[in-house]
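[1] My questions are about this predicted structure, shown below with the sequence.
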Amino acid sequence: MSHTDCIIIGSGIAGLTTALKVREAGLSVTVLERTQLGREASWAGGGILCPLYAWRYPEPVMRLAAAGMARYPAFIEELRSKQTTDPEFYTSGMLVVDPIQTPNEAERIAAWATRHQYPHQWQAASAHFAHLPDQNALWLPDINTVRNPRLLHALIAAVRQAGVILLEQQPALELLVQNNRITGVRCDRATYPAGQVIVTAGAWSGGLVPGLSPAHIFPVRGQMIRFEPAPAPGLHTILMDQGIYMIPRQDGSVVVGSTVEHVGFDKHTTTEAIAHLHRRAVALWPNLARNAIAQQWAGLRPGSQDELPYLGAHPKIEGLWVGAGFYRNGLAMGPMVAEILTHLITGQPAIMDLTDYRLDRPTQF
Ligand SMILES: Cc1cc2nc3c(=O)[nH]c(=O)nc-3n(C[C@H](O)[C@H](O)[C@H](O)COP(=O)(O)OP(=O)(O)OC[C@H]3O[C@@H](n4cnc5c(N)ncnc54)[C@H](O)[C@@H]3O)c2cc1C
């Protein structure tokens, strides 16, 4: 196999956005994908471009997500200029019906909104939706959303147009290292030499990178349903309550998620979880009672013990880079992750302090 400047392992949002940026920086790029292009967590996700109850996350999660979110308009513009699939990016806003769970949560929300300059308003939930209670809800008018399967479709086309080689059904089995320097990747039918390798293999990354393990990065299943569009008045904003969210799509269908389950690499849906999502959705938005479920699925979020990603250089192997463990926020973070990794591998100055995300940080199991 001929030499490529950079091999990227995994074709989710992290791998594909990075492939595009690295290629635009002038390097030749090959993406190795274990199964089909862009069909794992990034396909399964909801497409909300902001962490849920964002103020409850460790600060470095929001820092990376905020930087990703800020890059979305330009990223979408670039994809649209290539005239591929419309990713259905738009500002839906989000109404959080139950934002306050602890005594000082209102102050935390105010501090979070100020720090990230996020407009927020306290309003009675019933002012937005008459059937909801009068309790104080949090309205976040600037939240954006994207239809992620379509985003991936557009991204795959853009990456191809840019000249990236995309190889499906090519699970990377081993990273090849000589004298503490990466030299390539071994798959079962071929070996791919490369001077730089980036592991963006989602929930599977822990088993590939020396020094990390499946205890560092592990799958967290999320089940989802999508309701058919119906003639009844449609939902126009994201509604969030008790950990369940409803996302309106532009064709009038509504996506509802999600569960948070530690069941290994099992992507089955379960009757109980689907019934629970259905029940909660209809309670929140009764118009849905008449809509059929069009689709149900599950995806595997790449979780980590401290909920922070692993992002940056491998501490011991030159030329090896990692972008993984984005847990519930990888879609929001994607464009920033791509920029960070591209700057690193092309030797440009760092655009963010990556100390919090380093691979050799102490972790408690
Ligand atoms: C139900 C659900 C809802 C979500 N909702 C949101 C949301 O609203 N907003 C948000 O920002 N995020 C959301 N997320 C999280 C987000 O989807 C993930 O954080 C993100 O997709 C992770 O992207 P990734 O590229 O790291 O991983 P993935 O998309 O999983 O991609 C990794 C790829 O690597 C491939 N791979 C693995 N091992 C190998 C190997 N050895 N060789 C070659 N290829 C390999 C896999 O097959 C896969 O294609 C959600 C996730 C789920 C499951």
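    Here it is on my side, so go on. Residues are numbered from 1 along each chain as shown.

[2] Let me know how buried the residue in the stretch 251-365 of the chain positioned nearest to the ligand is, in neighbour terms.
    Residue of the stretch 251-365 of the chain nearest the ligand, by CB to the nearest ligand atom: Gly330 (2.3 Å). For the C-beta atoms, the positions are set from N, CA and C on the backbone; glycine is no exception. Neighbour count of Gly330, defined by other CB atoms under 10 Å: 27.

[3] and stretch 347-357, average pLDDT?
    The average pLDDT within stretch 347-357 is 95.

[4] Would you mark the buried spots in that stretch?
    Burial within stretch 347-357, assessed by neighbour count using 16 or more other CB atoms under 10 Å, is assigned to 352, 354, 356-357.

[5] from what I can see Thr259 touches Val220, true?
    No. Using CB atoms under 8 Å, Thr259 is not in contact with Val220, being 9.3 Å away.

[6] Pro73: what's its closest spatial neighbour, skipping adjacent residues?
    In this structure, Pro73 finds its nearest non-sequential neighbour in Phe89, 7.9 Å apart by CB to CB, 6 or more residues apart in numbering.

[7] related to what we said a few turns ago, quick one: pLDDT of the residue of the stretch 251-365 of the chain closest to the ligand?
    For Gly330, the predicted pLDDT is 98.

[8] Tell me if I'm right that it and Ile13 touch.
    Yes. Using CB under 8 Å, Gly330 is in contact with Ile13, at 5.6 Å.

[9] Overlap of the contact sets of those two?
    Here Gly330 and Ile13 have Ser42 as joint contacts, going by CB atoms under 8 Å, 6 or more residues apart in numbering.

[10] With distance to the ligand as extra columns, can I get the buried residues of stretch 347-357 in JSON lines?
    Shown next, in JSON lines, are the buried residues of stretch 347-357 (distance: CB to the nearest ligand atom, whole Å):
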{"residue": "Met352", "distance to the ligand": "18"}
{"residue": "Leu354", "distance to the ligand": "16"}
{"residue": "Asp356", "distance to the ligand": "17"}
{"residue": "Tyr357", "distance to the ligand": "13"}
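
[11] Get me the contact residues on the stretch 151-300 of the chain for the ligand.
    Within reach of the ligand by CB under 6 Å from any ligand atom, the stretch 151-300 of the chain has these residues: 171-172, 200-204, 208, 222, 224, 257-258, 299.

[12] In CSV, could you pull the C-alpha coordinates for the helix or strand hosting Ile156?
    According to DSSP states H and E, Ile156 maps onto helix 148-161. Only the C-alpha atoms of helix 148-161 are listed here, as CSV (Å, rounded to 0.1, in the frame of the first residue of the first chain):
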residue,chain,number,x,y,z
ASN,A,148,-26.9,14.5,12.1
PRO,A,149,-27.5,11.6,9.6
ARG,A,150,-27.7,14.3,6.9
LEU,A,151,-24.8,16.1,8.2
LEU,A,152,-22.7,13.0,7.9
HIS,A,153,-23.9,12.4,4.4
ALA,A,154,-22.9,15.9,3.4
LEU,A,155,-19.6,15.5,5.2
ILE,A,156,-18.7,12.2,3.5
ALA,A,157,-19.4,13.8,0.1
ALA,A,158,-17.3,16.9,1.0
VAL,A,159,-14.4,14.7,2.3
ARG,A,160,-14.5,12.6,-0.9
GLN,A,161,-14.6,15.8,-3.1
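
[13] Pull the residues that contact it.
    Here helix 148-161 makes contact (CB under 8 Å, 6+ apart) with 11, 13, 16-17, 19-20, 23, 31, 37-38, 42-43, 45-47, 78-80, 82, 84-89, 166, 331.

[14] The same query, at a cut-off of 7 Å, please.
    The contact list for helix 148-161 (CB atoms under 7 Å, 6 or more residues apart in numbering) reads 16-17, 19-20, 37-38, 42-43, 45, 47, 79, 82, 84-88, 166, 331.

[15] from those, which would you call buried?
    The neighbour-count test (16+ other CB under 10 Å) applied to those identifies 16-17, 19-20, 37-38, 42-43, 45, 47, 79, 84-85, 87-88, 166, 331 as buried.

[16] Show me those residues that map onto strands.
    The strands, defined by DSSP state E, take in Leu166 from the buried ones among the contacts of helix 148-161.

[17] The buried ones among the contacts of helix 148-161 in helices, which ones?
    Judged by DSSP state H, these include 16-17, 19-20, 42-43, 79, 331 as members of helices.

[18] Turn those into CSV, columns for distance to His153.
    Converted to CSV, these look like this (distance: CB to CB, whole Å):
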residue, distance to His153
Leu16, 11
Thr17, 14
Ala19, 15
Leu20, 14
Ser42, 11
Trp43, 9
Leu79, 10
Leu331, 14
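
[19] Out of those, which two are the most distant from each other?
    Longest distance between any two of those is 17.3 Å, between Leu20 and Trp43; criterion CB to CB.

[20] Could you give me the buried positions within the least confident helix or strand in the chain by mean pLDDT?
    Sorting the helices and strands of the chain by mean pLDDT, DSSP states H and E puts helix 125-128 at the bottom, at a mean of 92. Of the residues in helix 125-128, 125, 128 count as buried by neighbour count, 16+ other CB under 10 Å.
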